[in-house]
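Undergrad: Compute the structure for the input listed below.
(chains A, B, C and D)
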Protein chains: 2
Amino acid sequence: MTAVEQRVAGFEGQLRDAGLRMTQQRRLILRVLAEADDHPDAKGIFTRAFAHDPTLSLSTVYRTMKVLETQGAIERHAFEDGVSRYEHADQEHHDHLIDVESGEVIEFSSDAIEELQRRIAAELGYELVRHRLELYGRKKRPGTRGKKG
Amino acid sequence: MTAVEQRVAGFEGQLRDAGLRMTQQRRLILRVLAEADDHPDAKGIFTRAFAHDPTLSLSTVYRTMKVLETQGAIERHAFEDGVSRYEHADQEHHDHLIDVESGEVIEFSSDAIEELQRRIAAELGYELVRHRLELYGRKKRPGTRGKKG
DNA sequence: ACGCTATTGCAAAGCACTTGCATCTGTCAA
DNA sequence: TTGACAGATGCAAGTGCTTTGCAATAGCGT
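TA: Numbering: from 1, shown residues only, chains lettered A, B, ... in the order given. Modelled structure (predicted):
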């Protein structure tokens, strides 16, 4: 069983456990999500899935994304352009750095930043529930180190 | 001259310098923005301004916001609901903490976080251009300290 | 005061996303 | 397997925010 198949199976299990039906459309969308290593939006997911099943509709994609988000199976992000982008949630928490020139999205995580945010919220009298952190940057030309795939 | 009047005058100067016309509508919107101490959206700005000039249109508000943003006179933010909110830009850089229960927006700034972000970007091979940081929190009940107006 | 052209108001359009409704299809029971 | 019900789907229409085409209006320099 490939990693993708495992992810799809995992998604299926989550749905079943929630008493939801595993339809062909959901299976297909799940597979598309599991195979994605980027952050596609609804239209992007639709396009990829549509190639396998031309009867699929965009509304089903939106509805499925909502269900999956409720189940915690995916995460939704809205970067600067405001459109919702999705990624499967079977990974550690991370934030995003967006290349302002290419639009490429790079994931990163930093315990230091997480901790700092919690402390700042606490100082303001708040308990941190969640956060949104996006860095927008430009690739450094010379001696680029620490690049990420 | 009040602080609000100074802000409006400052905005006017920016427009003039850019060869743009100072219309009644812009003056009014500028005043509304200068008087605002929150983060109103276009409709909110329109409503406040409309009270003073019932001929104003919402499109003019949108167009004016775009002009002002281009001039760097205001900043546009889109929090979780996705709608654009605006604030005048004659202040230091800051980020936002949003009260998840009341929707209240609290401003804060932290050199430590700014520096950390720059360092993280650098480690990924990027030069930080800008960032978006929003904390979503819930007010702590007991012994609340460091609260902010 | 005059004229050029930026700006405005209005209505229509654009876009991402949601929803009403009739139809279809998982799923579970027999 | 079959039947039946409720959930899911496709389509088209509807939302809500924002933009835009166009004709009329009004700043601003001369």
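
Undergrad: Now do the contacts for whichever residue of chain A sits closest to DNA strand D.
TA: Relative to DNA strand D, the nearest point of chain A is residue A:60 (3.0 Å; CB to the nearest atom of the strand). Just so you know, the C-beta spots here come from the backbone N, C-alpha and C atoms, and that holds for glycine as well. Residues in contact with residue A:60 (CB atoms under 8 Å, 6 or more residues apart in numbering or on different chains) are A:25, A:29.

Undergrad: May I ask which helix or strand encompasses it?
TA: helix A:58-71 (DSSP states H and E).

Undergrad: just residue A:127 next, same as before
TA: strand A:126-139.

Undergrad: Averaged pLDDT, that strand. What do you get?
TA: Strand A:126-139 carries an average pLDDT of 95.

Undergrad: How about it, which residues are buried there?
TA: Across strand A:126-139, burial judged by 16 or more other CB atoms under 10 Å in any protein chain shown covers A:126, A:128, A:131-137.

Undergrad: hang on, residue A:99 packs against residue A:137?
TA: Yes - assessed by CB atoms under 8 Å, residue A:99 is found in contact with residue A:137 at 6.7 Å.

Undergrad: which neighbours do those two share?
TA: Joint contacts of residue A:99 and residue A:137 (CB under 8 Å, 6+ apart) are residue B:126.

Undergrad: is stretch A:83-95 anywhere near chain B?
TA: No - using CB under 8 Å from any CB of the partner chain, stretch A:83-95 stays clear of chain B, coming no nearer than 8.6 Å.

Undergrad: Is DNA strand C within reach of that stretch?
TA: Yes - on the criterion CB under 7 Å from any atom of the strand, stretch A:83-95 is in touch with DNA strand C at A:83-84.

Undergrad: on that earlier part again, after the helix holding residue A:60, which helix or strand is next?
TA: strand A:74-78.

Undergrad: Those residues of chain A touching chain B, which are they?
TA: Counting by CB under 8 Å from any CB, the residues of chain A that sit close to chain B are A:78, A:80, A:82, A:97, A:99-100, A:106, A:108, A:110, A:112-113, A:116-117, A:120-140, A:144-148.
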